[in-house]
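Chemist: here is the input, now give the coordinates:
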Amino acid sequence: MFSVNTMKQRLQNRDNGSQYRTIWQCIHIDIPLLFALLLLMSLGLIILYSTSSNDLNVVEQQALHIGLALGVMFIFAQIPPTTYQRWAAIIYIIGIVLLCAVLIMGHTGKGAQRWLSLGVMHLQPSEIMKLAIPMVLAWHYHKIHLPLHLRTVFFSAILILIPTLLTAKQPDLSTAIILVISGVTTLFLAGLSWWIISSILGLVGVGAPIFWFFLHDYQRQRVITFLNPERDPLGSGYHIIQSKIAIGSGGLFGKGWLNGTQSHLHFLPEHSTDFIFAACGEEFGLIGSIILIVLFMAIVMRGLFITINAQDTFTRLLAGSLTITFFVSFFINMGMVTGVLPVMGIPLPLISYGGSSMVTLMASFGILMSIQTHRKLLTT
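Modeler: Purely as a prediction, here's the structure:
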């Protein structure tokens with residue numbers, strides 16, 4: 001009798017769980033991904049409150065960014081992947097036109113011409129290209145037979161280089177690097193052969209000295225500082241030196257929330273944006289930093305799970321590219337804050353203060369949710 005009752009209870013629980021999943025399928029929300037995102041963004045608000053010297057206005061503004069980004073994520077999740085596939089080329093062309101418009105009539109701020117003024121808001125077209133490049137490449141490779149050939153790789157390189165060069169011209173080297181990564185990731189997932197990868201790396205190595213002369217002075221200085229930050233400890237090396245001091249002073253468990261000295265006394269520059277991971281390491285120590293990394297990796301693992309279970313080439317390439325680009329973004333930020341990589345001006349996703357990059361990032365997660373939930377609807 002006990003085993004029969006137990007079996008009935010299990011069947012009832014299974015039916016209830018099935019109904020629960022169906023509800024979320026109807027609104028196209030992936031619960032594991034959403035839970036990890038909310039947890040990470042909530043932790044980001046806690047860190048931001050401390051790094052902003054307990055300024056509630058900054059936290060409220062960031063909360064508004066999060067609310068807007070979640071709304072965008074929800075909207076993008078409702079759009080079927082087939083719609084993204086149909087509109088991929090058009091979205092890419094619109095993005096290129098907007099990038100050209102930025103160079104002609106763009107709004108200038110902090111020495112860079114990156115935005116289009118729309119009256120009530122500023123639009124940064126390079127953020128659109130973070131989605132458009134993997135989308136158009138996935139659309140292109142969905143139509144042809146894989147693996148890749150040299151001719152198709154050359155065509156793809158053109159699609160990547162055009163927005164990358166337009167973005168670098170603004171100048172915005174950090175976003176240009178992300179655009180290259182998103183495109184190359186799509187090529188890699190499409191089956192780019194190792195001899196082509198080796199050839200590209202060889203060309204990059206040969207062309208590096210030539211590329212050096214096209215860099216702006218401040219960009220060259222960042223590379224030199226990366227190699228030897230102690231060369232100018234009060235100038236170009238100040239950021240990374242103070243960042244290392246902040247992380248090292250946190251020890252195992254940190255100084256405690258609101259007790260960070262490097263950020264509160266303004267020794268640590270950009271402590272609410274690019275170097276917020278250093279502030280986290282100071283206040284929460286190694287344990288807190290590991291928890292943060294675990295949350296990032298949980299999102300990556302869920303994205304890879306969605307990628308593996310995608311139904312066709314387009315969704316598989318798009319999901320994989322968006323997921324790996326997210327991974328590379330926080331890896332680069334943590335690398336530059338700890339001195340492993342040069343300072344590139346790439347914020348820590350979902351943690352650093354800012355609105356435009358968060359909206360774009362949450363849009364990409366909305367696409368991932370669309371790929372996952374629409375796949376489930378088709379198979380049930």
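Chemist: where does the prediction get shaky in the stretch 1-150 of the chain?
Modeler: For the stretch 1-150 of the chain, applying pLDDT under 70 flags the ranges 1-22, 24, 107, 109-112, 118-121, 145-147.
Chemist: all strands of it, in order?
Modeler: For the stretch 1-150 of the chain, applying DSSP state E, counting those that start in this stretch gives strands covering 107-109, 112-117, 122-123.
Chemist: chain center to the shortest one: distance?
Modeler: Here the centre of strand 122-123 is set off from its chain's centre by 19 Å, with Cα atoms, centre = their mean, to the nearest Å.
Chemist: swap in the longest one?
Modeler: Distance of strand 112-117 from the chain centroid (Cα atoms, centre = their mean) equals 21 Å.
Chemist: cool, and stretch 161-181?
Modeler: 15 Å.
Chemist: likewise stretch 302-320?
Modeler: 17 Å.
Chemist: now stretch 218-237
Modeler: A distance of 26 Å separates the centroid of the chain from that of stretch 218-237, by Cα atoms, centre = their mean.
Chemist: hey, C-alpha coordinates of that stretch in CSV?
Modeler: The C-alpha trace of stretch 218-237 is given here as CSV (Å, rounded to 0.1, in the frame of the first residue of the first chain):
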residue,chain,number,x,y,z
TYR,A,218,46.0,56.1,-25.3
GLN,A,219,45.5,52.6,-26.7
ARG,A,220,49.2,52.1,-27.2
GLN,A,221,49.8,53.4,-23.6
ARG,A,222,47.4,50.7,-22.3
VAL,A,223,49.5,47.9,-23.9
ILE,A,224,52.7,49.4,-22.6
THR,A,225,51.2,49.7,-19.1
PHE,A,226,50.0,46.1,-19.2
LEU,A,227,53.5,44.9,-19.8
ASN,A,228,55.0,47.1,-17.0
PRO,A,229,52.4,49.0,-14.9
GLU,A,230,55.1,50.1,-12.4
ARG,A,231,56.7,52.1,-15.2
ASP,A,232,54.3,55.0,-14.4
PRO,A,233,52.7,54.2,-11.1
LEU,A,234,51.0,57.6,-10.7
GLY,A,235,50.0,57.9,-14.3
SER,A,236,49.0,55.2,-16.8
GLY,A,237,49.8,52.4,-14.3
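Chemist: now the strands of the stretch 1-150 of the chain in CSV, with distance to S364 and mean neighbour count?
Modeler: Heads up, the C-betas are built off the backbone N, CA and C, glycines and all. Listed next are the strands of the stretch 1-150 of the chain as CSV, based on distance: least, Cβ to Cβ, whole Å; neighbours: other Cβ atoms under 10 Å:
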stretch, distance to S364, mean neighbour count
strand 107-109, 25, 12
strand 112-117, 20, 17
strand 122-123, 17, 16
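Chemist: those into CSV, with extra columns for distance to G354?
Modeler: Putting the strands of the stretch 1-150 of the chain into CSV (distance: least, Cβ to Cβ, whole Å) gives the following:
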stretch, distance to G354
strand 107-109, 13
strand 112-117, 13
strand 122-123, 12
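Chemist: ok, which of the ones you listed comes nearest L341?
Modeler: Nearest of the strands of the stretch 1-150 of the chain to L341, taken as Cβ to Cβ: strand 112-117 at 21.3 Å.
Chemist: so what does the closest one touch, helix or strand wise?
Modeler: For strand 112-117, the helices and strands in contact under the criterion 3 or more Cβ pairs under 8 Å, 6 or more residues apart in numbering; DSSP states H and E are helix 81-105, strand 107-109, strand 122-123.
Chemist: how about 10 Å then?
Modeler: Where contact means 3 or more Cβ pairs under 10 Å, 6 or more residues apart in numbering; DSSP states H and E, strand 112-117 is packed against helix 81-105, strand 107-109, strand 122-123, helix 125-143.
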